[in-house]
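**Q** Predicted model and sequence below, questions to follow.
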Amino acid sequence: MRLQFILSEIGLGLRRNLSMTVSVILVTFVSLTFVGAAGLLQVQIGQMKDEWYDKVEVTIYLCPDGSEQPTCAGGLASDEQIETLRTELESDALEPYVEQVYFESQEQAFASFQERFADEAWAQGVTADQMQASFRIALDDPEQYQVVAEMFTGRQGVEMVRDPRAVVEPLILVMNRGSLVAAGLAAVMLLAAVLLITTTIRLSAMSRRRETGIMRLVGASNLFIQLPFMLEGAIAATIGAALSVAGLWFGVRYLVEDWLADSVSFIDYIGTEAVWTIAPVLLVIAIGLAAISSVVTLSRYTKV
């Protein structure tokens, strides 16, 4: 009997304030979508770091013939310069940073080039003399790549030192900033959601002051009186959270997995499973919004 009464009160409140309820659902949906987008961006950034940082190899490209770099004024890197670089890379000073050193000669570089681009017409005229010998250095700690890069940049016989993180980190920086923007917008929208849920509960309570007064007179407890109002806000917020999860799922499924994965294939993108990972968090936030709004409102507007 009590459950039936509470359910009828919830239905009555939702019908009386239908426009406000829809507004709560929409604001919650938008705000939690921003929260979810920020969370998914952080998951993507973490996945990129795990994948790329573990594969970081600093590559020291040796001088080829005809290079215009000042360090290549003597022409092709000599055997003496190559051995000097090898000795330093394998020295005790770099042992804490360097895991493995691999030397690739011009002939080996040409063989790798042919293997990768054998079917390309433009690659048919390339010869081994046009390839660059190089040292590839795997690091014990990818975070310490600058130690090796700075040590060999500008050395005689070295045309350039390339580190893949120079390409990766600007992309990660942009994504981090995008995540911060999404989080900032989410905070503003969450505040708007709290205010709107509070207003909705207040209007619902004020429109039923007579009913709550009668319930108070017949001895109903505070929880019994306030529970329908609390559940109204929770239901609206939960629907908004469900719409947010659905929107994020469709976004990841069709925007990321279908479009971005085909357009930019060198990145290992997150999948729809990441959405289900953050879905409980969004649901908890939605229920938390409703709870905060209820505590703020009901203690005042359900008194007789």
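**A** Sure thing, it's come through.

**Q** Centroid-nearest residue for this protein?
**A** Within the chain, one residue has its C-alpha closest to the average C-alpha position: by CA atoms, centre = their mean, that is Leu41, at 1.5 Å.

**Q** Quick check: which element contains that residue?
**A** In this assignment (DSSP states H and E), Leu41 forms part of helix 18-53.

**Q** Give me the sheet partners of the next helix or strand after that helix and which way each runs.
**A** Heading C-terminal from helix 18-53, the first helix or strand you meet, by DSSP H and E, is strand 57-62. Sheet pairing for strand 57-62, assigned by DSSP bridges, gives strand 134-139 (antiparallel), strand 158-162 (antiparallel).

**Q** Give me the angle between the helix or strand just after strand 57-62 and strand 158-162.
**A** Helices and strands here follow DSSP H and E; after strand 57-62, the next one along the chain is helix 79-89. Using axes from the mean of the first three to the mean of the last three CA atoms, to 10 degrees, one finds that helix 79-89 and strand 158-162 are set 30 degrees apart in direction.

**Q** Name the residues of helix 79-89 that come out as buried.
**A** By 16 or more other CB atoms under 10 Å, the buried positions in helix 79-89 come out as Gln81, Ile82, Leu85, Leu89. Using the backbone N, CA and C atoms, a C-beta is placed for each residue, glycine as well.

**Q** do the same with stretch 241-253
**A** Here stretch 241-253 shows Ala241, Ala242, Leu243, Ser244, Val245, Gly247, Leu248, Trp249, Gly251, Val252 as buried, counting by 16+ other CB under 10 Å.

**Q** Quickly name whichever of these is closest to Ser67.
**A** Distances from Ser67 to these, taken as CB to CB, are shortest for Val252 (45.4 Å).

**Q** hmm, back to that, which one of the buried residues of helix 79-89 sits closest to Gln124?
**A** Ranked by distance to Gln124 (CB to CB), those are led by Ile82 at 29.0 Å.

**Q** residues contacting the closest one?
**A** Leu62, Phe103, Ala133, Gly157 (CB atoms under 8 Å, 6 or more residues apart in numbering).

**Q** Identify the farthest-apart pair in the residues you listed.
**A** Using CB to CB, the pair of the contacts of Ile82 lying farthest apart is Phe103 and Gly157, separated by 13.1 Å.

**Q** So for these two, which sits in the more crowded spot?
**A** Gly157 (21 against 15; other CB atoms under 10 Å).

**Q** Setting aside sequence neighbours, what's the nearest residue to the residue nearest to the centre of the chain?
**A** Once flanking residues are discounted, Leu41 sits nearest to Ser179: 4.0 Å by CB to CB, 6 or more residues apart in numbering.

**Q** Mind giving me the packing neighbours of the helix or strand harbouring the one you found?
**A** For Ser179, the host element (DSSP H and E) is helix 165-207. Using 3 or more CB pairs under 8 Å, 6 or more residues apart in numbering; DSSP states H and E as the contact criterion, the neighbours of helix 165-207 among helices and strands are helix 2-16, helix 18-53, helix 222-250, helix 272-301.

**Q** orientation of that helix relative to helix 18-53 in degrees?
**A** In this structure, helix 165-207 runs at an angle of 160 degrees to helix 18-53, with the same axes, to 10 degrees as the basis.

**Q** What ranges in the stretch 101-250 of the chain fall below the confidence cut-off?
**A** Counting by pLDDT under 70, the stretch 101-250 of the chain contains low-confidence ranges at 118-120, 122-123, 142-143, 164-168, 171, 201, 203-229.

**Q** Could you list the domains of the chain?
**A** Residue ranges of the domains in the chain are recorded as 2-52+168-301, 56-163, according to automatic domain parsing.

**Q** Now do the shortest one: distance to the chain's middle.
**A** Taking CA atoms, centre = their mean, to the nearest Å, one finds the center of domain 56-163 at 34 Å from the center of the full chain.

**Q** for the nearest residue to Gly247 once chain neighbours are set aside, what are its contacts?
**A** The shortest distance from Gly247 to any residue other than its chain neighbours is 5.5 Å, reached at Thr33 (CB to CB, 6+ apart). By CB under 8 Å, 6+ apart, the residues touching Thr33 are Ser244, Gly247, Leu248.
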